[in-house]
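J.: 3D model of this:
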Amino acid sequence: MSFDVAVVGAGAAGAATAYQLALRGRSVVLIDERPLPRSKPCGGGMAASVQQWFPCDLTPAVDRVIDRVRFTWCLEDPVIADLPGESPFWIVRRDVLDGYLADQAAAAGAERLEGQAVTEVSRHGDGWELCIGEQRLQARALVLAHGSRGDLVNQLGVADPNPRLAAALALEVEGPVDEPQTARFEFGLVKHGFCWCFPRSGGYSVGIGTFLGRTVADYDQVLTALLPSLGLDPQAGERRHWPLRVWNGHHPLHRDGVVAVGDAASLADPFLAEGLRPALLSALRAAEALDAYLSGEQQALAGYTRTMRSEWGESMSWGRRIGQVFYRFPKVGYQLGIKRPTAPQRIAQILSGEMGYGDIAQRVIRRLGGGLLGAGR
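T.: Got it, this is the predicted structure:
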């Protein structure tokens with residue numbers, strides 16, 4: 001079998017890339033080692049602004065619409081604020097979102113190979129040959145969308161060669177939800193990180209992340225305090241650990257005939273751990289570049305790297321520096337940053353893409369101390 005593009009990984013980034021390419025009339029195969037739908041550890045928070053990148057309606061994949069945030073320090077000293085806009089923040093279930101996007105890709109003409117792992121990738125003329133079980137297929141171009149755990153990006157020399165991995169734990173907890181449109185963020189219980197509690201149908205998506213060095217939270221201790229604050233059993237939920245490849249500097253996201261998207265490209269926000277919006281942005285920009293590349297524009301894939309640097313990486317370079325200071329001095333950061341009256345609106349603007357970290361960096365520098373920020377570089 002021969003295709004224009006083979007997409008390895010059918011998560012949000014991979015399925016969206018396959019969909020965007022199929023819409024452009026390209027022959028695409030979407031490959032995943034597990035059948036869809038399948039669960040995936042992820043908080044599921046996603047800015048509603050991503051809808052602008054899709055001709056299809058994404059709301060069938062939306063579980064909850066969030067219009068309020070609640071920040072706390074050690075479950076006390078709350079900051080509660082309404083988010084601007086009619087539907088600024090969505091909560092999705094990853095099994096639903098990934099499956100929905102894969103279905104959209106198939107409806108647009110993409111083929112799907114699920115429950116089969118890619119065991120080998122090699123050059124084949126001007127394109128690539130992939131071994132999938134007993135099958136061999138050829139593609140003119142390759143999309144690496146295998147998430148944080150895949151190693152093809154390293155094998156093929158794409159994206160960050162020494163990725164920075166944030167330690168994270170996710171769990172889905174069944175139970176009553178007293179504020180179904182409020183997202184909660186807790187900053188005091190986790191050293192060098194924070195907790196998030198997102199309401200969903202029948203319960204919560206809960207996560208714990210640490211973002212400095214090799215720090216790993218005492219998850220049981222954190223959950224013993226956190227879950228009862230939601231009216232839940234401290235032992236509830238299945239704990240799932242996963243590494244989160246956060247943005248850690250500018251790196252080429254392409255080579256000849258190959259691009260990396262989503263977590264495989266280390267695009268997650270190093271401060272707020274946002275991963276879905278950059279995944280879907282990279283899917284759109286990669287599809288645009290691949291379409292041009294397949295039409296003979298040899299520099300189109302380099303253009304993808306430049307575009308992602310401009311539209312995402314420049315903001316994340318500031319986000320990393322802000323995060324390094326905030327998570328070293330979180331109590332000061334909470335008092336001087338989160339508790340400011342404008343903080344919830346600023347965070348909502350960052351998550352929606354209306355504002356980048358660079359737009360607020362000078363304000364943060366003045367509040368947290370320029371010397372501290374410089375020391376964290």
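J.: And for the residue nearest in space to the middle of the chain, nearest residue in space, chain neighbours not counted?
T.: Relative to the mean C-alpha position of the chain, the nearest C-alpha, by CA atoms, centre = their mean, is the one of Gly275, at 1.3 Å. In this structure, Gly275 finds its nearest non-sequential neighbour in Ala268, 4.2 Å apart by CB to CB, 6 or more residues apart in numbering. To be clear about C-beta, it is placed using only N, CA and C from the backbone, and glycine gets the same treatment.
J.: Quick check, pLDDT for the one you found.
T.: Ala268 is assigned 94 on the pLDDT scale.
J.: Show me which residues of the helix or strand where Val5 lies are buried.
T.: In the assignment (DSSP states H and E), Val5 maps to strand 2-8. By 16 or more other CB atoms under 10 Å, the buried positions in strand 2-8 come out as 3-8.
J.: do the same with stretch 124-138
T.: Residues 127-130, 132, 137 are the ones in stretch 124-138 that count as buried (16+ other CB under 10 Å).
J.: tell me the pLDDT at Arg68?
T.: 89.
J.: Repeat that for Gly376.
T.: At Gly376, pLDDT is 43.
J.: Enumerate every residue touching Ile66.
T.: Counting by CB atoms under 8 Å, 6 or more residues apart in numbering, Ile66 makes contact with 45, 83, 88-91, 181-183, 198-199.
J.: mind listing which of the residues you listed are in strands?
T.: 45, 89-91, 182-183, 198-199 (DSSP state E).
J.: about what we covered before: what pairs with the residue nearest to Gly275 across the strands?
T.: Beta bridges link Ala268 to Val246, judged by DSSP bridges.
J.: How many neighbouring residues does it have?
T.: Summarising burial for Ala268: neighbours were counted as other CB atoms under 10 Å, giving 27.
J.: before we move on, what about Leu58?
T.: Leu58: 19 neighbours (other CB under 10 Å).
J.: Sketch out the strands for the stretch 151-300 of the chain, chain order is fine.
T.: 164-174, 182-186, 193-200, 203-210, 240-246, 254-255, 258-260 (DSSP state E, counting those that start in this stretch).
J.: Determine which stretch of these is the most buried.
T.: strand 258-260 (a mean of 28; mean count of other CB atoms under 10 Å).
J.: Pull up the pairing partners for it, direction included.
T.: Counting by DSSP bridges, strand 258-260 is paired with strand 135-144 (parallel), strand 254-255 (antiparallel).
J.: avg pLDDT for the shortest one?
T.: I take that to be strand 254-255. 96.
J.: How about residues contacting it?
T.: For strand 254-255, contacts defined as CB under 8 Å, 6+ apart pick out 156-158, 260, 289, 301-302, 304-305.
J.: circling back: between which two of the contacts of Ile66 is the distance greatest?
T.: The span of the contacts of Ile66, defined through CB to CB, is set by Pro88 and Pro199 at 14.9 Å.
J.: Any buried residues in the helix or strand that contains Thr307, and which?
T.: Element membership for Thr307 (DSSP H and E) is helix 300-308. Going by neighbour count (16+ other CB under 10 Å), the buried part of helix 300-308 is 300-308.
J.: Could you do stretch 328-338 as well?
T.: 328-330, 333-334, 336-338.
J.: Quick check on the closest residue to Phe89 other than its chain neighbours: phi, psi?
T.: Closest residue in space to Phe89, ignoring its immediate chain neighbours: Ile66 at 4.0 Å, by CB to CB, 6+ apart. Here is the backbone geometry of Ile66 (degrees, to the nearest 10): phi -100, psi 130.
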